[in-house]
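Visitor: structure here, sequence nowhere to be found:
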DNA sequence: CTTTATTTTGCAACTTGTTGCATAATGTGG
DNA sequence: CCACATTATGCAACAAGTTGCAAAATAAAG
């Protein structure tokens, strides 16, 4: 149950409307917890009904009208509770190693091309993180929040670095091997 | 939609019953795609109805009786199709960096202990992978399937290595800082 | 052979996440 | 001010994953 807490965090950093939140989930927050606008609107409704956030009082309420939310003390308390909670790392679910394993059984097919494509995507993401890190380092404020943010960013950088390195290894190991799609696995 | 293909792969490697599959998902396959026995039984039903697998003919069919499945040619074809498919990496969803970010806003609380706990879990997983790698390297057969398997294992090792390294960095950076729960973030 | 525990399969209800579309407000060009 | 795109919110149906429990076969104990 991380989505509500992701939203609480985002709203504490800055009160926002549903769409603003969606945008922020496409940038920084979503780097570790993605969410569609549907999920966000639904969750905002739940959080409001639960009394953890409230609509910032503005003008007339209506559909299609911007609604900004802020976190109530109850919401902040709940977030503190969640931060201190004990929760096991969730079992990882990634289709790519899975497909590689399947390829070991039915033949490599065109998978190397796909690996190259993924390598490019991860490299691009890595570049984006590096750009953010460079900009952040320039500020050099050093509050606790800044240091924590930097750690989170580092996780992103290290993770993408891992992917690029692993994909390079995999591509190197596989290229020139399997070749055509649908063929039987050769003996060596 | 990776679960059916994970099951097809597992069944191609070795025809199994639902419970056997569940066990294998707790070991090797589940390292990259976990699944509960419920998911597996349900999916086996679907796959059978779709004509991709069939029950291995044995004796009388009944509830609570072991049923083993094998993959039909249609199933193999479908798996080949999936391996050659183009599919973007799924947006990553990990609660831990998220909690760290939240901690940046509401205070570190007891999070460092939690980081240590996760470090231990990841280190244990890493050890397990290393053990498997050592045993696998001993065989040294070198078929395509072996090499692919080794790559998958390497992904697991590198991933856990990343986690352990990152957690060490995070613990080092944070310990002695936040301390008590619920306190305001200090300026530096 | 009956009771009890374990193994194996499965149903049902629930939560979380995805997809497609609908609707209202707002902005823009004619 | 009317048509049209864009912004912003939201419903509904679905798909995937989780949790709790039940029930049939089998094994073990008395």
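Guide: Received it, and whenever you're ready, just let me know what you need. Here the structure is a predicted model, which is why all the values come from computation and not from measurement. Numbering: from 1, shown residues only, chains lettered A, B, ... in the order given.
Visitor: report whether the biggest helix by length in chain A contacts chain B.
Guide: Longest helix of chain A, by residue count under DSSP state H: helix A:144-174. Yes - applying CB under 8 Å from any CB of the partner chain, one finds helix A:144-174 touching chain B at A:144-145, A:147-149, A:151-152, A:154-156, A:158-159, A:162, A:165-166, A:169-170, A:173-174. All C-beta spots, glycine's among them, are computed from the backbone N, C-alpha and C.
Visitor: buried residues in that helix, which are they?
Guide: A:144-145, A:147-149, A:151-164, A:166-167, A:170-171, A:174 (16 or more other CB atoms under 10 Å in any protein chain shown).
Visitor: what's the first-to-last distance across stretch A:79-94?
Guide: 28 Å (CA to CA, to the nearest Å).
Visitor: what comes into contact with it?
Guide: A:5, A:8-9, A:12, A:71, B:2, B:30-34, B:89-90, B:93-96, B:99, B:102-103, B:105-111, B:114, B:117-118, B:121-122, B:159, B:181-182 (CB atoms under 8 Å, 6 or more residues apart in numbering or on different chains).
Visitor: tell me which of these fall in helices.
Guide: Those of these lying in helices (DSSP H): A:5, A:8-9, A:12, B:95-96, B:99, B:102-103, B:105-106, B:111, B:114, B:117-118, B:121-122, B:159.
Visitor: weed out the non-buried ones from these.
Guide: Using 16+ other CB under 10 Å, the buried members of these are A:5, A:8-9, A:12, B:95-96, B:99, B:102-103, B:105-106, B:111, B:114, B:118, B:121-122, B:159.
Visitor: returning to what we had before: filter the contacts of stretch A:79-94 down to the ones close to DNA strand C.
Guide: Residues of the contacts of stretch A:79-94 in contact with DNA strand C (CB under 7 Å from any atom of the strand): B:90, B:93.
Visitor: so how far is the helix or strand containing residue A:82 from its chain's centroid?
Guide: Using DSSP states H and E, residue A:82 maps to helix A:73-84. The chain centre lies 22 Å from the centre of helix A:73-84; the measure is CA atoms, centre = their mean, to the nearest Å.
Visitor: what residues sit buried inside that helix?
Guide: For helix A:73-84, by 16+ other CB under 10 Å, it's A:75, A:76, A:78, A:79, A:80, A:82, A:83, A:84.
Visitor: ok and it relative to helix B:95-106, angle-wise?
Guide: 130 degrees (axes from the mean of the first three to the mean of the last three CA atoms, to 10 degrees).
Visitor: residue ranges with poor pLDDT in chain A?
Guide: Low-confidence segments of chain A, defined by pLDDT under 70: A:57-65, A:140-141, A:176-188.
Visitor: cutoff 50 now
Guide: A:60-61, A:179-188 (pLDDT under 50).
Visitor: for stretch A:36-56, give me every contacting residue.
Guide: In contact with stretch A:36-56 (CB under 8 Å, 6+ apart) are residues A:3-4, A:7-8, A:11, A:15, A:18-19, A:21-22, A:25, A:35, A:61, A:67-72, A:74-75, A:78.
Visitor: could you turn the buried ones of those residues into a PyMOL selection?
Guide: In PyMOL, this line selects whichever of the contacts of stretch A:36-56 come out buried by 16+ other CB under 10 Å:
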select buried, chain A and resi 3+4+7+8+11+15+18+21+22+25+35+67+68+69+71+72+75+78
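Visitor: how does chain A divide up, domain by domain?
Guide: A:3-84, A:95-174 (automatic domain parsing).
Visitor: please tell me how far residue A:126 sits from residue A:166.
Guide: 13 Å (CB to CB, to the nearest Å).
Visitor: ok, residue A:38 next?
Guide: 33 Å.
Visitor: which residues touch the closest residue to residue A:160 other than its chain neighbours?
Guide: Once flanking residues are discounted, residue A:160 sits nearest to residue A:126: 3.9 Å by CB to CB, 6 or more residues apart in numbering or on different chains. Residues counted as contacts of residue A:126 (CB under 8 Å, 6+ apart) are A:157, A:160, A:161, A:164.
Visitor: out of the residues you listed, who's nearest DNA strand D?
Guide: Closest approach between the contacts of residue A:126 and DNA strand D, by CB to the nearest atom of the strand: residue A:160, at 22.7 Å.
Visitor: correct me, but the closest one touches residue A:121?
Guide: No - when contacts are counted by CB atoms under 8 Å, residue A:160 is not listed as touching residue A:121 (9.5 Å).
Visitor: with distance to DNA strand C added, can I get the buried residues of helix A:73-84 in CSV?
Guide: Compiled in CSV, the buried residues of helix A:73-84 are given as follows (distance: CB to the nearest atom of the strand, whole Å):
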residue, distance to DNA strand C
A:75, 16
A:76, 20
A:78, 14
A:79, 15
A:80, 19
A:82, 12
A:83, 17
A:84, 19
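Visitor: write out the residues of chain A neighbouring DNA strand D.
Guide: Counting by CB under 7 Å from any atom of the strand, the residues of chain A that sit close to DNA strand D are A:17-20, A:37-38, A:41-42, A:44-45, A:63-67, A:90-91, A:93.
Visitor: so which of these are in strands?
Guide: residue A:17 (DSSP state E).
Visitor: can you tell me which of the residues of chain A next to DNA strand D are in helices?
Guide: Per DSSP H, the subset of the residues of chain A next to DNA strand D in helices is A:18, A:19, A:20, A:37, A:38, A:41, A:42, A:44, A:45.
Visitor: picking that back up, give me the buried subset of the residues of chain A next to DNA strand D.
Guide: Buried, going by 16+ other CB under 10 Å: A:17, A:18, A:20, A:44, A:67, A:93, out of those.
Visitor: now the residues you listed as TSV including distance to residue A:132?
Guide: Output for those, formatted as TSV (distance: CB to CB, whole Å):
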residue	distance to residue A:132
A:17	24
A:18	24
A:20	19
A:44	26
A:67	29
A:93	26
